[in-house]
Every structure is written in C-alpha cells, then in structure tokens.
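A.B. asks: Have a look at this fold, sequence not included:
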C-alpha cells in the first residue's frame, strides 16, 4: 500500500500526456462550439494560429489543465489505493477482486471529480475563448470572473 508513490506516478504521467494532448483538445473544443465556423480541422488550426498564436491558441488553459489534472490524478490514485486497502485489507487475493476495483475506482473518481470540477469548467472557458469574447488574462482571472458572473453554480456546471 503506497498511495504517495501511486499519486506521484499518476501525476508525472499526466504532465507529459497533457502537454501532448492540449493542442488537439483545444482544436476539438473550438470545432465543437462552432464559433469560428471552421471548414475543416486544418482551417481551425490555421485560423487559431494566425489570430491567437501558439500559446493562447493551443495551450490556453494548459496551466489550468495541469492545475486540475495533476491534483485529480494524484488524488484519484492515492484514494484508489487507500480504498482498496480499506475494503480488502492487505490480502493480494482480496485486493484483486473485481468488486474491490469497482468500488475503489468509483469512490476515488467521485471525490477527485467533485474537488476539481471548478477548474475543469475554467479550463474549458479558457480553451474555447476567442478574440471577440473578451480574452481572460489567465486561470485566476477566468476562475474569478466565472465565480463573480455566475456564482458557485457556474463553478460546478457540467
């Protein structure tokens, strides 16, 4: 039972994964919203690059993504390991039973998601903003404005 090691391994993998996936996620979300009336993925990439540049266009919200995902994954894996031990003890046979994995995963996911949801909403706002929507100045600004304009209900949307 090593929840800290599990948390650290998950957090490290998340940092690398998010750096790779951020541009793809940004383009996907821009196209899903349809704000730019993009004709294709290539058109979305070109337009985003020319109007916002690399960092604001493809990595907007990356800091928020890390701020959300690293704690989420760390919390998830630490809670998962701890719940497995609470439910099944230290017996390897009991810890590998399906119901132990299901209960541990569900419990860990619920706790981690509830705690990090405001950051997920903020990240989506940062990633989907465009030049006309009044650019957020960063994660703190977006989080503060979201809370001021929509209240706590807005932070837990979705």
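C.D. replies: All right, it came through fine. The structure displayed is predicted, hence computed values, not measured ones.

A.B. asks: Can you point out the buried residues in whichever strand or helix holds residue 86?
C.D. replies: Counting by DSSP states H and E, the element that carries residue 86 is helix 62-88. Neighbour counts over helix 62-88 (16 or more other CB atoms under 10 Å) mark 62, 64-85, 87-88 as buried. Placement of C-beta: from N, CA and C, glycine included.

A.B. asks: average pLDDT for it?
C.D. replies: Mean per-residue pLDDT for helix 62-88: 89.

A.B. asks: let's have the chain start at 12 instead
C.D. replies: Okay, using 12 as the starting number, the last item reads as helix 73-99.

A.B. asks: next helix or strand past it?
C.D. replies: That would be, after helix 73-99 and using DSSP H and E, helix 103-106.

A.B. asks: Which strands or helices does that following helix pack on?
C.D. replies: For helix 103-106, the packing partners by 3 or more CB pairs under 8 Å, 6 or more residues apart in numbering; DSSP states H and E come out as helix 73-99.

A.B. asks: Identify the residues contacting the helix-or-strand element of the chain with minimal mean pLDDT?
C.D. replies: Lowest by mean pLDDT, DSSP states H and E among the helices and strands of the chain is helix 103-106, with a mean of 76. Helix 103-106 is contacted from outside by 95, 96, 99, 100, 111, using CB atoms under 8 Å, 6 or more residues apart in numbering.
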